[in-house]
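Peer 1: one predicted model, sequence on top.
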Amino acid sequence: MSDLAKQTCDACRKSSPRVTEGERHRLHEQLPGWQIVDAKGHELLTKAYKFKNFAEALAFTNRVGALAEAENHHPEIKLEWGRATVSWWTHTINGLHKNDFILAARTDEVVGDVDSTPSE
Ligand SMILES: C[C@H](O)[C@H](O)[C@H]1CNC2=NC(N)=NC(=O)C2=N1
């Protein structure tokens, strides 16, 4: 497990800080294949994963869902045949919190449990 994936999430409130520029850079470089994009007026961390069929993509989606429920922090997941695209951001602060980077790292860990190949 990566060091980032081992970290625990803090409870997030409206007063929780967004990541600073420096922290954001340091965290992002630990997440291969994850892109930071500006969408719908806020930044998010996103990655598309390729699978051999719909069932594998659905199994992965359910694993990410279980992770989200356990942490009470929820991603947007677009599920398609052979692909699932996961996006993390923190709704309460309308931006990126350290929790999003931790859960992106954990997403990379749960993909190891199903037969997949990460894709752009
Ligand atoms: C009330 C509940 O704790 C909040 O709505 C949680 C649920 N899941 C969440 N998920 C994400 N990504 N951001 C949030 O701010 C958030 N808030």
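Peer 2: Cool, the structure landed.
Peer 1: hey, where'd the helices end up in this protein?
Peer 2: Here the chain has its helices, by DSSP state H, at 3-6, 21-28, 54-71, 98-110.
Peer 1: which stretch in those is the model least sure about?
Peer 2: Looking at the helices of the chain, the lowest mean pLDDT belongs to helix 3-6 (a mean of 91).
Peer 1: would you mind listing the buried residues in that helix?
Peer 2: By neighbour count on 16 or more other C-beta atoms under 10 Å, the buried set for helix 3-6 is Leu4, Ala5. Heads up, the C-betas are built off the backbone N, CA and C, glycines and all.
Peer 1: so what pLDDT did Pro118 get?
Peer 2: At Pro118, pLDDT is 51.
Peer 1: who does Lys78 bridge with?
Peer 2: Bridge pairing for Lys78 (DSSP bridges) gives the partners Thr85.
Peer 1: hang on, the earlier thing: most packed of the helices of the chain?
Peer 2: Most buried of these, by mean neighbour count (mean count of other C-beta atoms under 10 Å): helix 98-110, with a mean of 22.
Peer 1: re earlier: need the helices of the chain in CSV with distance to the ligand, can you?
Peer 2: What follows is the helices of the chain, written out as CSV (distance: least, C-beta to the nearest ligand atom, whole Å):
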stretch, distance to the ligand
helix 3-6, 17
helix 21-28, 16
helix 54-71, 7
helix 98-110, 7
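Peer 1: distance to Gly82 for those - can I get that in TSV?
Peer 2: Shown next, in TSV, are the helices of the chain (distance: least, C-beta to C-beta, whole Å):
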stretch	distance to Gly82
helix 3-6	25
helix 21-28	27
helix 54-71	6
helix 98-110	17
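Peer 1: Ile77 is nearest to which of the ones you listed?
Peer 2: Within these, the stretch nearest Ile77 is helix 54-71; the backing value is 5.3 Å (C-beta to C-beta).
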